[in-house]
Every structure is written in C-alpha cells, then in structure tokens.
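**Q** I would like the atomic coordinates for the input below:
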Amino acid sequence: MPLIPRSGRDWVRSLAHALFAGCLIVCLVIFWVGSTQSRVLRYAGYSIGPFLMSLALGLGLICLAPSLDKRFRKCGAAVAVFSFLVGFLTIPALAE
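**A** This next block holds a predicted model:
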C-alpha cells in the first residue's frame, strides 16, 4: 500500500485501517485504565465514550464498502459493534 493513496479504493482501505486501529487502541486504553484506576475512567468517560462511539460508527459504515476484503469487513464490523458497546458503557451516567 503506498504512502499517499492514489485511487478511491486505496483511500477507503487506508481510512478503514486507521479507524480499525483507533477503535482497538482506545478500547485497550479503556480496559487498561479501568483495571488500574477506575476514578480516572469515571471522570474521563464523558469524553472518551462518545469519541469511541463515533469511531465505531465510522468503522461500521466504512466496512460496508465493497472494496475491502471480506475477512476485514467481518472483523471490522465485529470490532465496530464491540467498540460501540464499550463506548456506550463507558459513559458514567449510563454505566450506573
């Protein structure tokens, strides 16, 4: 994959990979902070939850593109659903 995408297919693929990595990294940070310092997550949840939900929504929408691999589309859709649920449960007002 080139550094600067040239075709529409390359743009979709690079955006999908970035959203996929973003969802995974934010989920891992949430689980790491939640297991060590729950107070930080309680106060930061108001901003992290909607951010993760928007990343997951973007990943879910871009996984509908036919230019992606079938395997990546399935895995991306699963990560999008999981990230959306984690983001929803991270918001402290909804988690209680």
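
**Q** going forward, measure contacts between C-alpha atoms and count neighbours the same way
**A** Fine.

**Q** buried stuff in the longest helix anywhere in the chain?
**A** Longest helix of the chain, by residue count under DSSP state H: helix 8-36. By neighbour count on 16 or more other Cα atoms under 10 Å, the buried set for helix 8-36 is 10, 12-14, 16, 19-20, 22-24, 26-27, 30.

**Q** likewise for stretch 36-52?
**A** The neighbour-count check on stretch 36-52 (16+ other Cα under 10 Å) flags 41, 45, 48, 49, 50, 51, 52 as buried.

**Q** ok, now stretch 74-85?
**A** Across stretch 74-85, burial judged by 16+ other Cα under 10 Å covers 76, 77, 79, 80, 81, 82, 83, 84.

**Q** following the helix or strand where residue 44 lies, which helix or strand comes up?
**A** Here residue 44 sits within helix 38-62, counting by DSSP states H and E. As assigned by DSSP H and E, the chain's next helix or strand after helix 38-62 is helix 70-90.

**Q** among the buried residues of helix 8-36, which pair sits farthest apart?
**A** 10 and 30 (30.2 Å; Cα to Cα).

**Q** quick one: residue 13 and residue 69 touch, right?
**A** No. The criterion here is Cα atoms under 8 Å, and residue 13 misses it with residue 69 at 9.1 Å.

**Q** residues contacting the residue nearest the centre of the chain?
**A** Residue closest to the mean C-alpha point of the chain, counted by Cα atoms, centre = their mean, is residue 23 at 2.3 Å. Going by Cα atoms under 8 Å, 6 or more residues apart in numbering, residue 23 touches 52, 55, 56, 79, 80, 83.

**Q** which of those residues lies closest to residue 3?
**A** For the contacts of residue 23, the residue nearest residue 3 by Cα to Cα is residue 55; the value is 22.4 Å.

**Q** can you get me a residue count around the closest one?
**A** 21 (other Cα atoms under 10 Å).

**Q** any idea how far residue 7 is from it?
**A** Distance of residue 55 to residue 7, given as Cα to Cα, to the nearest Å: 23 Å.

**Q** same deal with residue 52?
**A** For residue 52 relative to residue 7 (Cα to Cα), the value is 28 Å.

**Q** noted, bye for now.
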